[in-house]
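In: Could you work out the structure for the sequence below:
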Amino acid sequence: GIPGDTVLADGDLVSVDFGAILDGWCGDAARSFVIGTPRAADSALIDASDAALAAGIAAVRPGNTLGDIGHAIASVARGAGYGLLANHGGHGIGRTMHEAPHVPNSGQPGEGLALQPGLVLAIEPMLIADGTTGYVHDPDGWTLRSATGARAAHSE
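Out: From the prediction side, this is the model:
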């Protein structure tokens, strides 16, 4: 979300998604972490988010498809019992922050756009601890929260 007056407390799980532009090129990254002492369940959720990102990255090679990336991400997330934020995922990135194509966090192997050399993607799994997929926007129009209030983690 957008920084505000909220004071972070011990045990809060925070996901930070940030971007930068350098010499006309965009970069985008996200990390999740716990303030102070982490709960074991939060550490496992963050580890699964990072593992889903790694699986998505491993699926990126010429000849594979966007469905291969989404399938790799979903296999890790759902295999660990977590939900994936509905209708969200990664994107192309280059001269602007969010470019085509949309990179889904679930999919079928072999389906969707075929990956070609030179395509630059931001892959971003967002996992929800209770296995659900729903979310709500805060009034700032940017901050996302799981619809059930369950903890969530985001890696990019």
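
In: If you count contacts, what does the lowest-mean-pLDDT helix or strand in the chain end up packed against?
Out: Ranked by mean pLDDT, DSSP states H and E, the weakest helix or strand in the chain is strand 144-146, scoring a mean of 91. If you count contacts as 3 or more CB pairs under 8 Å, 6 or more residues apart in numbering; DSSP states H and E, strand 144-146 packs onto strand 135-137, strand 152-154. Glycine gets a C-beta too; all of them are placed from N, C-alpha and C.

In: Direction included, what does that strand pair up with?
Out: According to DSSP bridges, strand 144-146 has the following sheet partners: strand 135-137 (antiparallel).

In: on that earlier part again, give me the contacts around the least confident helix or strand of the chain.
Out: Applying CB atoms under 8 Å, 6 or more residues apart in numbering, the contact partners of strand 144-146 are 1, 85, 88, 126, 128-130, 132, 134-138, 152.

In: again, only this time at 10 Å
Out: 1, 15, 17, 83, 85, 88, 126-130, 132-138, 152, 154 (CB atoms under 10 Å, 6 or more residues apart in numbering).

In: quick revisit: among the helices and strands packed on strand 144-146, which gets the worst mean confidence?
Out: Among these, strand 135-137 carries the lowest mean pLDDT, at a mean of 93.

In: May I see the buried residues of that strand?
Out: Y135 (16 or more other CB atoms under 10 Å).

In: separation between G67 and H102?
Out: Applying CB to CB, to the nearest Å, the value for G67 to H102 is 12 Å.

In: Give me the more crowded residue out of the two.
Out: Neighbour count, other CB atoms under 10 Å: between G67 and H102, G67 has more, with 19 against 15.

In: could you say which helix or strand contains the more buried one?
Out: Using DSSP states H and E, G67 sits in helix 66-79.

In: Only C-alpha atoms, please: export that helix in PDB.
Out: Taking Å, rounded to 0.1, in the frame of the first residue of the first chain, the C-alpha atoms of helix 66-79 are listed here in PDB:
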ATOM      1  CA  LEU A  66       2.600 -18.100 -19.900                       C
ATOM      2  CA  GLY A  67       0.600 -21.100 -18.900                       C
ATOM      3  CA  ASP A  68       3.800 -22.900 -17.900                       C
ATOM      4  CA  ILE A  69       4.800 -20.000 -15.600                       C
ATOM      5  CA  GLY A  70       1.300 -19.900 -14.000                       C
ATOM      6  CA  HIS A  71       1.200 -23.600 -13.600                       C
ATOM      7  CA  ALA A  72       4.600 -23.600 -11.800                       C
ATOM      8  CA  ILE A  73       3.600 -20.800  -9.500                       C
ATOM      9  CA  ALA A  74       0.200 -22.400  -8.600                       C
ATOM     10  CA  SER A  75       1.700 -25.900  -8.100                       C
ATOM     11  CA  VAL A  76       3.900 -24.500  -5.400                       C
ATOM     12  CA  ALA A  77       1.300 -22.300  -3.800                       C
ATOM     13  CA  ARG A  78      -1.700 -24.700  -3.800                       C
ATOM     14  CA  GLY A  79       0.600 -27.600  -3.000                       C
END
